[in-house]
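In: Need a 3D model of the sequence below.
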Amino acid sequence: MAARIEHLVTSGTFSLDGGTWDVDNNVWIVGDDSEAVVIDAAHDAGAIAEALGGRTLRAIVCTHAHNDHIDAAPELAARTGAPILPHTDDLPLWKQTHPDRSPDGELTDGQILTVAGVDLTVLHTPGHAPGAVCLHAPELTALFSGDILFAGGPGATGRSYSHFPTIVDSIRDRLLTLPGDTVVHTGHGDTTTVAAEAPHLQEWIDRGF
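Out: Below is the predicted model:
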């Protein structure tokens, strides 16, 4: 059975620097009928577990450790036995949400996660958060960008642990070098493509997006 990408939207809140906002998050499931990985276990472990059905969950991958992307991860791990994997540079953010529950492993730049015969390559792309990562799956013509790149621009860099010049470097050097037809599956909102976003890089820089 060929690997496929599945998508669900969960709703909750994002909290940082003393503020809280209502958000809808994209949760991505990559796998086949027997096994899968979850990218960003946001808000609703029950809904994610239901979408998985009886499949073996190989990993809960965290594109970054803002609370809205990891709040359901421990419960999902408890339900499935899957390891939770963020990048080590995001441990300070992780501990803000889960001070008593450590991750089960870590992601590193260039690491390859394989599920259902498909390789997901970890790209360390700091800027929105120090340990932000994207996952590139060339066999699926897919990039899972977390909150680094959206349809219309970079992720936010106006709060703690973020840095606009760094996110621009990450997007320019790690993401816009991918094939133009790569579909960008984002952490919030609609998908886009590398080709659709690449022409606007200088605009973002000039605007300090």
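
In: measure the nearest residue to Ser160 once chain neighbours are set aside to Asp89 for me?
Out: Nearest non-adjacent residue to Ser160, counting by Cβ to Cβ, 6 or more residues apart in numbering: Asp17, 5.4 Å away. Using the backbone N, CA and C atoms, a C-beta is placed for each residue, glycine as well. Distance of Asp17 to Asp89, computed by Cβ to Cβ, to the nearest Å: 19 Å.

In: More neighbours: which of the two?
Out: Asp89 (19 against 8; other Cβ atoms under 10 Å).

In: So which residues of the protein form strands?
Out: For the chain, the strands defined by DSSP state E occupy 4-16, 19-31, 35-39, 56-61, 84-85, 112-115, 118-124, 133-137, 142-146, 149-150, 153-154, 183-186, 192-193.

In: who touches the last one?
Out: The set of residues external to strand 192-193 that reach it, using Cβ atoms under 8 Å, 6 or more residues apart in numbering, is Leu149, Phe150, Ala151, Gly152, Gly180, Asp181, Thr182, Val183, Val184, Thr186.

In: Same question for the fifth one.
Out: Strand 84-85 is contacted by residues 41, 59-62, 70, 73-74, 77, 103-107 when judged by Cβ under 8 Å, 6+ apart.

In: can I get the residues you listed in JSON lines with distance to Leu8 and neighbour count?
Out: JSON lines is the format used below for the contacts of strand 84-85 (distance: Cβ to Cβ, whole Å; neighbours: other Cβ atoms under 10 Å):
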{"residue": "Ala41", "distance to Leu8": "11", "neighbour count": "28"}
{"residue": "Ala59", "distance to Leu8": "17", "neighbour count": "21"}
{"residue": "Ile60", "distance to Leu8": "14", "neighbour count": "26"}
{"residue": "Val61", "distance to Leu8": "15", "neighbour count": "27"}
{"residue": "Cys62", "distance to Leu8": "17", "neighbour count": "29"}
{"residue": "Ile70", "distance to Leu8": "16", "neighbour count": "26"}
{"residue": "Ala73", "distance to Leu8": "15", "neighbour count": "29"}
{"residue": "Pro74", "distance to Leu8": "19", "neighbour count": "19"}
{"residue": "Ala77", "distance to Leu8": "18", "neighbour count": "21"}
{"residue": "Pro103", "distance to Leu8": "22", "neighbour count": "23"}
{"residue": "Asp104", "distance to Leu8": "23", "neighbour count": "15"}
{"residue": "Gly105", "distance to Leu8": "24", "neighbour count": "13"}
{"residue": "Glu106", "distance to Leu8": "26", "neighbour count": "18"}
{"residue": "Leu107", "distance to Leu8": "22", "neighbour count": "24"}
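
In: No further questions, thank you.
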